[in-house]
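K.L.:
Structural data only, the sequence is not supplied:
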């Protein structure tokens, strides 16, 4: 007899990356390079760490083979069952689960492909178990943001915010909505009343009233075990009234709030993608629980003597002599020719950077070609785009307009 798993895991990776089309127009978002691994590796590895042995992976039909080829080369041991949807359909989480309903036989753990964290998933799973909840969600305290200049045109990136209501006594999730759904204030103004100043305390007067008396329960002592049994037998999820547990609600949603010092992020916007580039290696040990970090792939070809210890060199990359690299990712099968330098940039796969090129604070997508003598600062270069010789650009999006996604 086969035992049914307590949870089935569904990893969602069929989104179009609509918040960052400049870097996802030619590549599935889940395969964006983050440190030494593709983005989706992080949630899959976290699930593997948590003891899960298999997942259902929802992807677009036209991306399946590319994603599968990349993940097959990683050290992941978790079994992946791919479920494909039509790439022309723009479906959300609920629709994805509805399409999967024939495969779902137990409680479901839903994880996004862009989720990176350093905490265990045990906390959110335990609160779900404890209260036999309909749903339980994981929340993080606002992450300390750094003032980063994101590649591309200078603009003030407005962070997306959710409005979350949590009962602090029970951890019940009572309200959840996007702030953008409300044009005006959601909560009414709080009416305050100024209380009168208390009278001056008379010094030397006793605070013990002659009417005070001993509580009878001081004389009715219980042993420790009897008290524990009585408290356990009278379990309720709340105090303040005598109503039944959970107030009789059949649908119960809960929130697990991660510790203040924990790290968790959804890499679903350009600012968060740029920020994680500077954080993932320093947080690697906590994220992976001490997995060995190899920054320079053994199958890369490195003839440069100026590669600092913050650089990540992927498989098949070719760095010619007399080149310089600082705090950058050099993607798979990318070639950087002599007398060029790459500082604080993300260079994706199959990129060709010719001689005497200077790149700083840039994101370069798959298949781009940068001809000799270019000086590029703070730019986004789209997939398969070619920059002519001696081009100079700053804080721009450089791409073929027809390659960007339409919405």
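P.N.:
On my side now, so go ahead. Every value quoted in this text rests on a predicted model; they were computed, and no experiment measured them.

K.L.:
May I have the phi/psi pair for the closest residue to residue 352 other than its chain neighbours?
P.N.:
Using Cβ to Cβ, 6 or more residues apart in numbering and skipping residues adjacent in sequence, the residue nearest residue 352 is residue 369, 4.8 Å away. Any C-beta I mention is one placed from the backbone N, CA and C, and that applies to glycine too. Per-residue torsions, residue 369: phi -130, psi 120 (degrees, to the nearest 10).

K.L.:
number of nearby residues for residue 36?
P.N.:
Neighbour count for residue 36, taken as other Cβ atoms under 10 Å: 19.

K.L.:
now do the one 5 residues further on
P.N.:
Taking other Cβ under 10 Å as the criterion, the count of residues near residue 41 is 22.

K.L.:
Touching, it and residue 78? I think so.
P.N.:
No - Residue 41 is beyond contact range of residue 78, at 10.6 Å (criterion: Cβ atoms under 8 Å).

K.L.:
Tell me how many other residues surround the nearest residue to residue 305 once chain neighbours are set aside.
P.N.:
Leaving aside its chain neighbours, residue 305 sits nearest to residue 321 (7.5 Å; criterion: Cβ to Cβ, 6+ apart). Using other Cβ under 10 Å, residue 321 has 12 neighbouring residues.

K.L.:
Let me know the secondary structure of residue 321.
P.N.:
coil (DSSP: H, G, I helix; E, B strand; the rest coil).

K.L.:
now the strands for the stretch 201-350 of the chain?
P.N.:
Counting by DSSP state E, counting those that start in this stretch, the stretch 201-350 of the chain has strands at residues 253-257, 264-266, 301-302, 306-307, 312-313, 318-319, 324-326, 329-330, 335-336, 341-343, 346-347.

K.L.:
Let's have those strands in a markdown table, adding distance to residue 59, mean neighbour count and mean pLDDT.
P.N.:
Listed next are the strands of the stretch 201-350 of the chain as a markdown table, based on distance: least, Cβ to Cβ, whole Å; neighbours: other Cβ atoms under 10 Å; pLDDT from 0 to 100:
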| stretch | distance to residue 59 | mean neighbour count | mean pLDDT |
| --- | --- | --- | --- |
| strand 253-257 | 28 | 20 | 95 |
| strand 264-266 | 18 | 16 | 93 |
| strand 301-302 | 32 | 16 | 94 |
| strand 306-307 | 34 | 16 | 95 |
| strand 312-313 | 25 | 26 | 96 |
| strand 318-319 | 30 | 22 | 96 |
| strand 324-326 | 33 | 20 | 96 |
| strand 329-330 | 23 | 28 | 97 |
| strand 335-336 | 29 | 21 | 97 |
| strand 341-343 | 31 | 21 | 97 |
| strand 346-347 | 23 | 25 | 97 |
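
K.L.:
how about these, which one is nearest residue 19?
P.N.:
Proximity to residue 19 (Cβ to Cβ) singles out strand 264-266 among the strands of the stretch 201-350 of the chain, at 9.9 Å.

K.L.:
which residues touch that closest one?
P.N.:
112, 114-119, 138, 140, 143, 258, 272, 275-276 (Cβ atoms under 8 Å, 6 or more residues apart in numbering).

K.L.:
What strands line up against it, and which way round?
P.N.:
strand 115-117 (antiparallel) (DSSP bridges).

K.L.:
Please pull up the helix or strand immediately following the partner strand.
P.N.:
Scanning forward in sequence from strand 115-117 by DSSP states H and E, the next helix or strand is helix 122-130.

K.L.:
Quick check: buried residues in that following helix?
P.N.:
Using 16 or more other Cβ atoms under 10 Å as the test for burial, helix 122-130 gives 123-125, 127-128.

K.L.:
closest to residue 351 among those residues?
P.N.:
Nearest to residue 351 among the buried residues of helix 122-130, with distances taken as Cβ to Cβ, is residue 124, at 39.0 Å.

K.L.:
That closest one against residue 135, yeah?
P.N.:
No - judged on Cβ under 8 Å, residue 124 makes no contact with residue 135 at a distance of 10.4 Å.

K.L.:
helices and strands of the chain: which one bottoms out on pLDDT?
P.N.:
None of the helices or strands of the chain scores lower by mean pLDDT, DSSP states H and E than helix 224-233, at a mean of 69.

K.L.:
Right, I'll call it a day here.
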